[in-house]
Structures are given as C-alpha cells and as structure tokens.
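In: after the sequence you'll find the predicted model.
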Amino acid sequence: MISLADIQRRIERGELSPDAAIAQSLEAIEAREKVVRAFVCHAKSAKAQGSGPLRGIAVGIKDIVDTADFPTEMGSSIYRGWQPRADAPVVMMLKRAGATVIGKTTTTAFAANDPTVTLNPHNPGHTPGGSSAGSAAAVAAGMIPLALGTQTGGSVIRPAAYCGVAAIKPSFRLLPTVGVKCFSWALDTVGLFGAGVDDVARGLFAMTGRAEFSDISPATSPRIGVVRQEFAGPVEPAAEEGLAAAIKAAKRAGASVESVDLPELVREAWRIHPVIQVFEAHRAFAWEFSECHDEIAPMLRATLDASVGVTPREYDEARRTGRRGRRELGEVFEGVDVLLTYSAPGTAPKGLSSTGDPRYNRLWTLMGNPCVNVPALKVDGLPVGVQVIARFGNDAGALATARFLENALAASS
C-alpha cells in the first residue's frame, strides 16, 4: 500500500516530487485497476498542486459525493452521466489542503446493499465490502494513499476490515455531508481510508485544520473496554481470533483491558437503528421512489418497498431511544478510554452477491461515536479488523489508541 505519511516525509526531505508521487498512483491504477475495478472513472493524467500538506497525495472520492471534475453517478443508472457543477465541501477541503482528486470510486447503488463490480484485492473471489467498496479496495490495492467513503450502517469500517486498511468514521458531522447523496440525515457520516492509522490521522488534520489531529502519537497505557455485542448475533471464529489477538497485544504493550457490558438502552438503540434508516431513506429517495421506482437497484428497492408502512410515531420513538442510548453510553466512558469490538462478523464473504453484514457497526453509527478500524491479522489470506471506539468528540483519542494497538499488533506478529 502507499503510505500518505511516507509520501509527506519524502516530499519534505526533497526525495520525491509531488508530481512523481501522483505519477506513482497513476501507474499503480494502470497496473491494478483492470483486476480490482475500484474506480468508476479516473484521470489518465494528473498533476500535483503546488502547495498544501496534501500536495502529491492522490485521493479517490466515493461516487455519491459531488465532484465538479468527474460525473457523480451514485452507483445507479438513474444518474448515469450526471455532472455536478460544484464540488462537495469535503472535496473542497481536500483540494484546499493540496490533494489531487484522481477519480471516483465505486459505491453500491445509493450506498445501500446492492454489490458493485469491485473485487477484494486480497482474493478476487471475495467481496471488498460496501458500500464504500471502491475506496477501501483502491487503498488496499496500493493505487492511492487516501480515499473518502461514507457510513450509514457500516460502510466505512466494514470494507476497511475486509480489505485490511485503516479507516476512521469520525464523530457525527465532524466532516460535512452537504453535497453527498443523502440516505439518512441522522446517520450519514463521511470517513477516510488509508494504509495505516497515522495516514488517516494526517488526512483528517489536513482537511479540518484541527490542532488535536496535528500530531497523533500512540496512546500510553490506555484503558480499553472490550464489548462483544452479543445482542448483534454470533461471529465467525476469524472475528473472535482477531479480537483475541488485539486484546493479547494490547495487554502485552501495557494497556489495561476489561470486559464491559453495555446498558440495556444502548442495546435497544442497536435494535432501532434500521427504523431510523429506512424512515429517512423514504424521504431522501422520495423522487427516485416515485419517478424511477423500477430503476432502483433490486436490494434497495425491496427494502424501500417493504418499509413503506413505517410510521412517524415509530420513527419518533426510535429517535428518542437513540438519544437515551447516547446518554447511557456516555457514562460507559467514565471507566474506560475506548471500547474495542469486532469490525465485522468475520472475513470478507466469498462471492460478490453480498457486501457483508453491518450488524457490528450500526450501533456506533447511530451513537455518533468516532470509530477506527485497525487491521489485526489474516485468516486464510483474508484480513480481519478490530474497531476502536471513543467518546463522542474524542476522535483524537480514538486515533491515538488505534495507533497504540496498531504498534502492539505489529510487535506481537
């Protein structure tokens, strides 16, 4: 993979020019894209910007995010050839930091469930996950050092786990979703993919200019609470193996680790997440559902058809449950610095008929907490990730503990 941090250091030392760094990504795309199929479209030639912390950094943008230089088709025939006039704010944040937007990465239709053509770089017979399939795969395949994705259920953390890359789903609304095709305004969150935790931290700092992200060092002796989310159903042995490896490595590196039980209201929040998601999806896709119903991808169309009867009363009650769950979850962080759990139920499923299950991600999306995927190990050649979750607003703490864990896992391998 291409490390953003390494490129920045080499450019600063004069060992690599920004244009040469962009050329490196163009060459990698040319070499690997025919197999991985991570891009909807990409530049055949591109130049680096002259200034900014992300000069020389080629970035892929999930194709539900508006771009002025590339079409935004949202994985749907309904928007084939659609060309926005303006970049979404998150795209402008990248450009103002000096990044070169090199192309649009594949997304499941409207960031829902229908799989893309993208293949997992570790084994093309397996899914890369979704809905941010192309962003995760492009980074994992060593084509680009940074990519944007979005998460409404588990669409950043899960594909990151399946593809073996680092990723952050930041605190809700840390990054703006204006100019991003809405699925659920209470859940949609823009996130970042990179080769390692330091890479996504540097990307986040460059985009936001927030001082707390300027130099994320590994945490020292963090207090880690392990949450297995039994209410979300069983996991495969590979997922448990990954979590066990992370726990063992963290303890060996000096962390205090204890099991934590989540309050009942937090568990109930996990249950009602889909109610909020589908109710808002019917409003977000009102035009498409009414005017282009048969063109909506089959899985999403079936979900929308089956959820027409969700009432405002059910939605309001689900929102109240979510708010109560957030208050209860806040108290959990009085005793630990972060929570540690599975990033996915196991390794990437075989075949391309499914993008996997978001059941270990959706609670944290609804709660709005920052989540970081850390690759833990490989099982039968496929990556397994673990998820570091911090208190809402403590994205820097999540990244610091994720760096601690990343280092601990590397030392124990």
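Out: That came in fine, so what should we check first?
In: the nearest residue to Thr105 once chain neighbours are set aside: what secondary structure?
Out: Leaving out its chain neighbours, the residue that sits closest to Thr105 by CB to CB, 6 or more residues apart in numbering is Gly134, at 3.0 Å. Using the backbone N, CA and C atoms, a C-beta is placed for each residue, glycine as well. Secondary structure for Gly134, judged by DSSP: H, G, I helix; E, B strand; the rest coil, is helix.
In: tell me, what's the model's pLDDT at Gly134?
Out: On the pLDDT scale, Gly134 is placed at 98.
In: okay, now it: neighbour count?
Out: Neighbour count of Gly134, defined by other CB atoms under 10 Å: 34.
In: tell me the contacts of it?
Out: Residues counted as contacts of Gly134 (CB atoms under 8 Å, 6 or more residues apart in numbering) are 37-40, 60, 62-63, 104-107, 116, 118, 128, 147.
In: now do Lys350
Out: Taking CB under 8 Å, 6+ apart as the test, what Lys350 contacts is 125-126.
In: next, it: phi, psi?
Out: phi -70, psi 140 (degrees, to the nearest 10).
In: can you tell me how far it sits from Val275?
Out: 31 Å (CB to CB, to the nearest Å).
In: do the same with Leu300
Out: Counting by CB to CB, the gap from Leu300 to Val275 is 17 Å.
In: which one's more surrounded, those two?
Out: Per other CB under 10 Å, whichever of Leu300 and Val275 has more neighbours is Leu300, with 23 against 20.
In: which residue sits closest to that one, ignoring its sequence neighbours?
Out: Closest to Leu300 by CB to CB, 6+ apart is Ala112, at 3.9 Å.
In: and the one you found, what pLDDT?
Out: So, for Ala112, pLDDT stands at 97.
In: I'd assumed Ala302 was in contact with it.
Out: No. Ala112 is beyond contact range of Ala302, at 10.1 Å (criterion: CB atoms under 8 Å).
In: more neighbours: these two, which one.
Out: Neighbour count, other CB under 10 Å: between Ala112 and Ala302, Ala112 has more, with 26 against 13.
In: tell me who's in contact with that one.
Out: Taking CB under 8 Å, 6+ apart, we find Ala112 in contact with 131, 183, 297, 299-300, 303.
In: before we move on, what about Ile144?
Out: Counted by CB under 8 Å, 6+ apart, Ile144 has contacts 2, 25, 28-29, 58-60, 102, 138.
In: can you tell me which of those is closest to Gln8?
Out: Ile2 (11.5 Å; CB to CB).
In: doesn't Ala147 make contact with that closest one?
Out: No. Using CB under 8 Å, Ile2 is not in contact with Ala147, being 11.0 Å away.
In: more neighbours: the two, which one.
Out: Ala147 (31 against 21).
In: tell me which element the more buried one falls in.
Out: Using DSSP states H and E, Ala147 sits within strand 146-151.
In: overlap in contacts of Ile2 and Ala147?
Out: By CB under 8 Å, 6+ apart, Ile2 and Ala147 have these common neighbours: Val139.
In: the protein: helices as residue ranges?
Out: 4-12, 18-36, 89-96, 133-140, 157-163, 197-208, 237-252, 264-284, 286-291, 298-306, 312-332, 362-367, 395-412 (DSSP state H).
In: just the CA coordinates for the fifth one, please, in CSV.
Out: What it means is helix 157-163. What follows is helix 157-163 as a C-alpha-only set of coordinates in CSV (Å, rounded to 0.1, in the frame of the first residue of the first chain):
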residue,chain,number,x,y,z
ILE,A,157,-15.4,0.3,9.0
ARG,A,158,-16.6,-3.0,7.4
PRO,A,159,-14.9,-2.6,4.0
ALA,A,160,-11.8,-1.4,5.7
ALA,A,161,-11.8,-4.6,7.8
TYR,A,162,-12.4,-6.8,4.7
CYS,A,163,-9.7,-5.1,2.7
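In: make residue 1 into 55 and carry on from there
Out: From this message on, residue numbering opens at 55, which makes the last subject helix 211-217.
In: now that helix: mean pLDDT?
Out: Helix 211-217 comes out at a mean pLDDT of 98.
In: for the stretch 105-254 of the chain, just list every one of the strands.
Out: Secondary structure of the stretch 105-254 of the chain (DSSP state E, counting those that start in this stretch): strands located at 112-116, 154-159, 200-205, 220-223, 243-248.
In: to Leu459, which of those strands lies closest?
Out: Across the strands of the stretch 105-254 of the chain, Leu459 has its closest neighbour in strand 220-223 (10.7 Å, CB to CB).
In: ok, and what's touching that closest one?
Out: By CB under 8 Å, 6+ apart, strand 220-223 touches 190, 203, 205, 210-211, 213-214, 243, 245-251, 253-255, 258, 415, 418-419, 424-429, 449, 452-453, 456, 460.
In: hang on, the earlier thing: just among the contacts of Gly188, which is most surrounded?
Out: Greatest neighbour count in these, by other CB under 10 Å, goes to Pro182: 35 neighbours.
In: possible to save the helices of the chain as JSON lines with distance to Phe124?
Out: As requested, the helices of the chain are exported to JSON lines (distance: least, CB to CB, whole Å):
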{"stretch": "helix 58-66", "distance to Phe124": "21"}
{"stretch": "helix 72-90", "distance to Phe124": "14"}
{"stretch": "helix 143-150", "distance to Phe124": "10"}
{"stretch": "helix 187-194", "distance to Phe124": "13"}
{"stretch": "helix 211-217", "distance to Phe124": "21"}
{"stretch": "helix 251-262", "distance to Phe124": "19"}
{"stretch": "helix 291-306", "distance to Phe124": "36"}
{"stretch": "helix 318-338", "distance to Phe124": "22"}
{"stretch": "helix 340-345", "distance to Phe124": "21"}
{"stretch": "helix 352-360", "distance to Phe124": "23"}
{"stretch": "helix 366-386", "distance to Phe124": "35"}
{"stretch": "helix 416-421", "distance to Phe124": "27"}
{"stretch": "helix 449-466", "distance to Phe124": "28"}
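In: which of those sits closest to Ala102?
Out: helix 72-90 (3.3 Å).
In: off-centre distance for stretch 422-436?
Out: Stretch 422-436 has its C-alpha centroid displaced from the chain centroid by 11 Å (CA atoms, centre = their mean, to the nearest Å).
In: got the end-to-end distance for it?
Out: 29 Å (CA to CA, to the nearest Å).
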